[in-house]
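Colleague: Turn this into a model:
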Amino acid sequence: MDLKFLQNTALFKGLSEEETKAILTGLKYVKKEYIKNDIIMNAGCTTDKMGVVLLGSVTIENNDLWGNKTILSHVGPGGFFAETYGLLQNEPMLVDVVANEDCSICFLCIGNLQELAASGIPGMVKLMTNLLTISAHKNMTLSGRSFHTAAKTIRGRVMSYLNSLYIRSASASKDPAPQTPEKTELIIPFDRQQLADYLNVERTALSKELGRMQKEGLIHFRKNRFVIEQLLHSC
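Modeller: The predicted structure is shown next:
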């Protein structure tokens, strides 16, 4: 049981070791391993479980009948997925959860969360409060993607996405002398095809636009490592 790791996640924030153990038992903790590109959860299925990424990462994808793929989000270590579907239980999933790399996932059966809370398991109120906070953050993440894809041009979508990454990076930084906006390095959690899917653009068109932005001295990139050379909003 990955007790110490889980206690440092947002879901178990503020819970003691004893409370965490009791909750994991009540939620029928199960750990599973996956390799890259494995389908962890399928669209159309129902579930009473949520997943916690212990190692590696997953992507949340929408794959339609015509073979079009849209990446909605990336979930890394300590992150969560399917909590809404797990609570609703009978609601068919509209997304696939795919292993972005080899990963280890903890599954928690949250379908009967209300019954467990009423049973008097220590720490359940804290857990439900944390879960509500997580859901609120998820809503903000999905809203953020809608901002990125609202731009009419590929450059506008790239600028919106990099700007959001910069804001999060600057907010999370504890460095007393953070990087200046004139030259900021960011690591994107997607490869080029995934970034194109996330921004809802063609990969070739995205690559061309990134190349133009690099020639103009706005950015410099190598694979998923980007350096913002100038303020993007000055374009």
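Colleague: Give the buried residues for the worst-scoring helix or strand of the chain on mean pLDDT.
Modeller: Within the chain, confidence by mean pLDDT, DSSP states H and E is lowest for helix 113-118 among all helices and strands, at a mean of 80. Under the neighbour-count criterion of 16 or more other Cβ atoms under 10 Å, helix 113-118 has Leu113, Leu116 buried. The C-beta positions use only the backbone N, C-alpha and C, and glycine is treated the same way.
Colleague: Could I get the average pLDDT for the helix or strand following that helix?
Modeller: Sequence-wise, the next helix or strand downstream of helix 113-118 (DSSP states H and E) is helix 124-150. Helix 124-150 comes out with an average pLDDT of 85.
Colleague: following helix 124-150, which helix or strand comes up?
Modeller: According to DSSP H and E, the helix or strand after helix 124-150 is helix 154-172.
Colleague: which outside residues touch that next one?
Modeller: With Cβ atoms under 8 Å, 6 or more residues apart in numbering as the test, helix 154-172 has contacts from 144, 147-151, 178, 181, 184, 186, 188, 195, 198-201, 205-206, 209-210, 212-213, 219, 226, 228, 232-233, 235.
Colleague: Am I right that Ile188 is in contact with Leu195?
Modeller: Yes. The pair Ile188 / Leu195 is scored as a contact, 6.4 Å apart, by Cβ atoms under 8 Å.
Colleague: quick one, which of these two is more surrounded?
Modeller: Taking other Cβ atoms under 10 Å, Ile188 and Leu195 do not tie; Leu195 has more neighbours (21 against 18).
Colleague: wait, is the more buried one part of a helix?
Modeller: Yes. Membership of Leu195 in a helix is supported by DSSP: H, G, I helix; E, B strand; the rest coil.
Colleague: If you drop the residues flanking it in sequence, what lies closest to Phe190?
Modeller: Spatially, and ignoring its direct neighbours in sequence, Phe190 is nearest to Tyr198 (5.9 Å; Cβ to Cβ, 6 or more residues apart in numbering).
Colleague: Could you list the low-pLDDT ranges of the protein?
Modeller: The chain contains residues with pLDDT under 70 at 1, 171-183, 230-235.
Colleague: Which segments of it make up each domain?
Modeller: Domain assignment for the chain by automatic domain parsing gives 3-145, 153-234.
Colleague: can you give me how far the longest one is from the chain middle?
Modeller: So that's domain 3-145. Computed by Cα atoms, centre = their mean, to the nearest Å, the separation of domain 3-145 from the middle of its chain amounts to 11 Å.
Colleague: got it, and the shortest one?
Modeller: In terms of Cα atoms, centre = their mean, the gap separating the centre of domain 153-234 from the centre of its chain is 18 Å.
Colleague: going forward, begin numbering at 544 instead of 1
Modeller: Got it, the first residue is 544 from now on, which makes the last one we talked about domain 696-777.
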